[in-house]
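**Q** Quick one, structure for this:
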Amino acid sequence: MNRYLLHFRVFNSTKVHDVWIKENGSVSLFLEDILKSWNVDDTSYEHFFYHCENACVVDVNKTWKKNHILPGDHLILL
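**A** The predicted model follows:
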(Lines give C-alpha, C1' and ligand atoms only; values in the text may rest on other atoms or scores of the structure.)
Protein backbone atom coordinates (compact mmCIF):
# COMPACT_ATOMS: atom_id res chain seq x y z
CA MET A 1 0.00 0.00 0.00
CA ASN A 2 1.37 3.37 -1.00
CA ARG A 3 1.50 6.41 1.25
CA TYR A 4 0.99 9.93 -0.04
CA LEU A 5 2.05 13.25 1.38
CA LEU A 6 -0.91 15.61 0.96
CA HIS A 7 -1.29 19.28 1.80
CA PHE A 8 -4.41 20.36 3.70
CA ARG A 9 -5.61 23.81 4.63
CA VAL A 10 -8.63 24.75 6.71
CA PHE A 11 -10.70 27.27 4.74
CA ASN A 12 -10.27 30.29 7.01
CA SER A 13 -6.62 29.64 7.85
CA THR A 14 -3.34 30.33 6.08
CA LYS A 15 -1.60 27.39 7.79
CA VAL A 16 -1.01 24.33 5.60
CA HIS A 17 -0.91 20.88 7.21
CA ASP A 18 1.29 18.27 5.52
CA VAL A 19 -0.16 14.83 6.22
CA TRP A 20 0.84 11.32 5.20
CA ILE A 21 -2.15 9.19 4.19
CA LYS A 22 -2.56 5.64 2.85
CA GLU A 23 -3.86 5.58 -0.73
CA ASN A 24 -6.54 3.03 0.22
CA GLY A 25 -7.42 4.82 3.45
CA SER A 26 -10.95 5.95 4.20
CA VAL A 27 -11.57 9.64 3.54
CA SER A 28 -14.50 9.70 5.98
CA LEU A 29 -12.43 8.28 8.87
CA PHE A 30 -9.63 10.76 8.16
CA LEU A 31 -12.13 13.62 8.13
CA GLU A 32 -13.55 12.51 11.49
CA ASP A 33 -10.05 12.33 12.97
CA ILE A 34 -8.93 15.77 11.85
CA LEU A 35 -12.15 17.43 12.94
CA LYS A 36 -11.35 16.15 16.43
CA SER A 37 -7.67 17.12 16.44
CA TRP A 38 -7.54 20.38 14.44
CA ASN A 39 -9.06 23.65 15.57
CA VAL A 40 -12.08 23.57 13.25
CA ASP A 41 -15.12 25.73 13.89
CA ASP A 42 -18.22 23.73 14.74
CA THR A 43 -20.86 24.58 12.17
CA SER A 44 -24.37 23.53 11.26
CA TYR A 45 -23.23 21.97 7.97
CA GLU A 46 -21.00 18.99 7.28
CA HIS A 47 -17.37 19.68 6.45
CA PHE A 48 -15.89 18.40 3.21
CA PHE A 49 -12.63 18.47 1.25
CA TYR A 50 -12.16 20.46 -1.94
CA HIS A 51 -9.49 18.98 -4.22
CA CYS A 52 -7.63 21.90 -5.81
CA GLU A 53 -5.94 20.02 -8.65
CA ASN A 54 -9.16 18.34 -9.88
CA ALA A 55 -11.40 21.30 -8.94
CA CYS A 56 -13.96 19.05 -7.26
CA VAL A 57 -15.32 17.93 -3.91
CA VAL A 58 -13.80 14.72 -2.54
CA ASP A 59 -16.30 11.86 -2.08
CA VAL A 60 -15.94 10.86 1.58
CA ASN A 61 -17.46 7.45 0.84
CA LYS A 62 -14.45 6.50 -1.30
CA THR A 63 -10.76 5.98 -0.65
CA TRP A 64 -8.15 8.58 -1.56
CA LYS A 65 -7.11 6.47 -4.55
CA LYS A 66 -10.68 6.16 -5.85
CA ASN A 67 -10.97 9.96 -5.58
CA HIS A 68 -7.93 10.25 -7.87
CA ILE A 69 -5.83 11.92 -5.17
CA LEU A 70 -2.11 11.89 -5.98
CA PRO A 71 0.99 12.57 -3.86
CA GLY A 72 1.54 16.29 -3.35
CA ASP A 73 -2.08 17.26 -4.05
CA HIS A 74 -3.66 20.18 -2.20
CA LEU A 75 -7.00 19.98 -0.41
CA ILE A 76 -9.03 22.58 1.46
CA LEU A 77 -11.28 21.64 4.36
CA LEU A 78 -14.52 23.58 3.98
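**Q** From now on I want contacts and neighbour counts done on CA atoms only, so please keep to that.
**A** Fine.
**Q** who's the residue nearest to the spatial centre of the chain bridged to?
**A** Nearest to the geometric centre of the chain sits residue 49, at 5.1 Å (CA atoms, centre = their mean). Here residue 49 sits in beta bridges with residue 77, going by DSSP bridges.
**Q** can you pull the contacts of it?
**A** 57, 58, 75, 76, 77, 78 (CA atoms under 8 Å, 6 or more residues apart in numbering).
**Q** ok, residues contacting stretch 16-29?
**A** Identification of contacts with stretch 16-29 by CA under 8 Å, 6+ apart yields 1-10, 59-66, 69.
**Q** please redo it, this time with the cut-off set to 7 Å
**A** Stretch 16-29 has contacts (CA atoms under 7 Å, 6 or more residues apart in numbering) with 1-9, 60-65.
**Q** List only buried entries from the residues you listed.
**A** Among the contacts of stretch 16-29, those scoring as buried are 4, 5, 6, 7, 8, 9, 60, 63, 64, 65 (criterion: 16 or more other CA atoms under 10 Å).
**Q** Just these: which are in helices?
**A** Nothing among the buried ones among the contacts of stretch 16-29 maps onto helices, per DSSP state H.
**Q** Residue 43: which of the residues you listed is nearest?
**A** Nearest to residue 43 among those: residue 9, at 17.0 Å, using CA to CA.
**Q** list the buried ones in stretch 24-41?
**A** 25, 26, 27, 28, 40.
**Q** How much space separates the second one from residue 59?
**A** Distance from residue 26 to residue 59, counting by CA to CA, to the nearest Å: 10 Å.
**Q** which stretches of the chain have low pLDDT?
**A** Scanning the chain for pLDDT under 70 picks out 1, 44.
**Q** for it, what spans make up the strands?
**A** Taking DSSP state E as the criterion, the chain contains strands spanning 3-10, 16-22, 49-51, 56-57, 74-77.
**Q** List the strands paired with the shortest one, with their directions.
**A** Paired strands of strand 56-57, with direction, are strand 49-51 (antiparallel) (DSSP bridges).
**Q** chain center to the strand it pairs with: distance?
**A** Centroid separation for strand 49-51 versus its chain: 6 Å, with CA atoms, centre = their mean, to the nearest Å.
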